[in-house]
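>>> attaching a predicted model along with its sequence, questions to come.
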Amino acid sequence: QVQLVESGGGLVQAGGSLRLSCVASGLTFSSYAMGWFRQAPGKEREFVGVSRWRDSSTFYADSVKGRFTISRDNAKNTVYLQMNSLKPEDTAIYYCAVDRYGSRRYENPHEYDYWGQGTQVTVSS
């Protein structure tokens, strides 16, 4: 059974930083693409970034590029989302997700097979 567990969310002031973690179990972690998404109240789930094993590439949404960084530790089955220079508009529930096939449509949440329960990030102004 695949499980993804996020942690590291919380309340932070604008300009601050947080690091989210996502621990995966029940799968061969190093073989899959790991994505991060977020969803703010009343809005659709939004792509944040992805780490693809297939070609060792990482992609980010324009809204977070230069501020957020994804890294992964395959030995610990963990993917991280380092978030710097946080803005109030970054406030959302953040989810990690697994794409077993490394789709090129990595911004589409429907391409992902497994999801974590989410962790709340709140950025105050």
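Received it, and whenever you're ready, just let me know what you need. Numbering: from 1, shown residues only.
>>> buried ones in stretch 68-81?
68-70, 72, 77-81 (16 or more other C-beta atoms under 10 Å). To be clear about C-beta, it is placed using only N, CA and C from the backbone, and glycine gets the same treatment.
>>> which parts of this protein are strands?
3-7, 10-13, 18-25, 33-39, 46-52, 57-60, 68-73, 78-83, 92-99, 114-115, 119-124 (DSSP state E).
>>> out of those, nearest to Tyr106?
With C-beta to C-beta, the closest approach to Tyr106 among the strands of the chain belongs to strand 46-52: 4.4 Å.
>>> compute the inter-axis angle for that closest one and strand 68-73.
Using axes from the mean of the first three to the mean of the last three C-alpha atoms, to 10 degrees, the direction of strand 46-52 lies 40 degrees away from that of strand 68-73.
>>> let me know the closest of the buried residues of stretch 68-81 to Tyr112.
Distances from Tyr112 to those, taken by C-beta to C-beta, are shortest for Val79, at 12.8 Å.
>>> can you report phi and psi for Asn108?
As for Asn108, its main-chain torsions (degrees, to the nearest 10) stand at phi -90, psi 120.
>>> burial of it, as a residue count?
Asn108: 12 surrounding residues under other C-beta atoms under 10 Å.
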